[in-house]
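Q: just a sequence and a predicted model for now, questions to come.
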Amino acid sequence: MTFTLTALLTSCGESIQFGGEEEADLANPKTHRSEGLSFAYPGNWEIDAHQNTGPFHTFFANTPGDAIVILQIYPIEIADDLKTFAREFSENAAFSSALGSVQDSVLTELPSQGGYAWMREEFDIEVALLRTSVPHKRLYASKDTQERRIFLILQVAGEDYSKVEKGFRLIGDSLTSESLPNKAE
């Protein structure tokens, strides 16, 4: 049951200037709190949007460049496992790419770490306007907290991965979840 917003799935490189990412500012982190979640994020990133669709919540973080950082929260009883989530996310993103076509996608399970299940996807975006192929990485992580499953997604051009990876891990390492009150009346 992957809830995705296709316009944001493919915005990585929307300006078609890959390689313009800045290092994540870990010296001056900010904190975001809402929907029973709290997490730190790099000082030079911004929380851009929060969508609340019934029991589903999605947060988007903007980096100074073209990377995409998404947190999606589902009730645990209806959430997919990470492998299913990642496969569906990847298929939806490939189908909806406005930049060009996604080629050579490879999903790999990674060892669990820090309370998260992890997967990595490596793929190329064939940019038709530039007649070039840009290697990309997408990291997926999932963690169960109380009655929710939280998915973290990072997408970035391969050459910029080292600049944002620590910021992505800051979010994951600092993420806490409180039990939500029952909203039934």
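A: Perfect, thanks for sending it. Numbers count the residues shown, from 1 in each chain.
Q: tell me the average confidence for stretch 158-172?
A: Over the span of stretch 158-172, the pLDDT mean works out to 93.
Q: any chance you could map the strands in this structure?
A: 30-34, 37-41, 46-53, 56-62, 68-75, 100-113, 116-127, 132-145, 148-157, 176-177 (DSSP state E).
Q: where does the chain dip in pLDDT?
A: 1-19, 95-100, 128-130, 179-185 (pLDDT under 70).
Q: residue closest to the middle of it?
A: I153 (2.1 Å; Cα atoms, centre = their mean).
Q: what separation do you get for the closest residue to that residue other than its chain neighbours and G167?
A: In space, and not counting its chain neighbours, I153 is closest to I70: 4.3 Å by Cβ to Cβ, 6 or more residues apart in numbering. Where C-beta positions appear, they are placed from N, C-alpha and C, glycine not excepted. Per Cβ to Cβ, to the nearest Å, I70 is found 13 Å from G167.
Q: those two - which one has more neighbours?
A: G167 (26 against 20; other Cβ atoms under 10 Å).
Q: number of residues surrounding the closest residue to that one other than its chain neighbours?
A: Beyond its immediate neighbours in the sequence, the residue positioned closest to G167 (Cβ to Cβ, 6+ apart) is A24, lying 2.9 Å away. Per other Cβ under 10 Å, the neighbour tally for A24 reads 25.
Q: can you pull the contacts of A24?
A: 42, 44-45, 63, 163-168, 170 (Cβ atoms under 8 Å, 6 or more residues apart in numbering).
Q: buried residues, stretch 155-164. List them.
A: Applying a neighbour-count criterion of 16 or more other Cβ atoms under 10 Å, one finds 155-157, 160-161, 163-164 buried in stretch 155-164.
Q: alpha carbons only: can I get that stretch in PDB?
A: Extracted in PDB, the C-alpha atoms of stretch 155-164 (Å, rounded to 0.1, in the frame of the first residue of the first chain):
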ATOM      1  CA  GLN A 155      17.000   9.800  -3.600                       C
ATOM      2  CA  VAL A 156      20.000  11.500  -5.000                       C
ATOM      3  CA  ALA A 157      22.300  11.600  -8.000                       C
ATOM      4  CA  GLY A 158      25.100   9.100  -7.300                       C
ATOM      5  CA  GLU A 159      27.800  11.800  -7.400                       C
ATOM      6  CA  ASP A 160      26.100  13.600  -4.500                       C
ATOM      7  CA  TYR A 161      25.400  10.700  -2.300                       C
ATOM      8  CA  SER A 162      28.300  11.300   0.100                       C
ATOM      9  CA  LYS A 163      27.100  14.900   0.600                       C
ATOM     10  CA  VAL A 164      23.600  13.900   1.900                       C
END
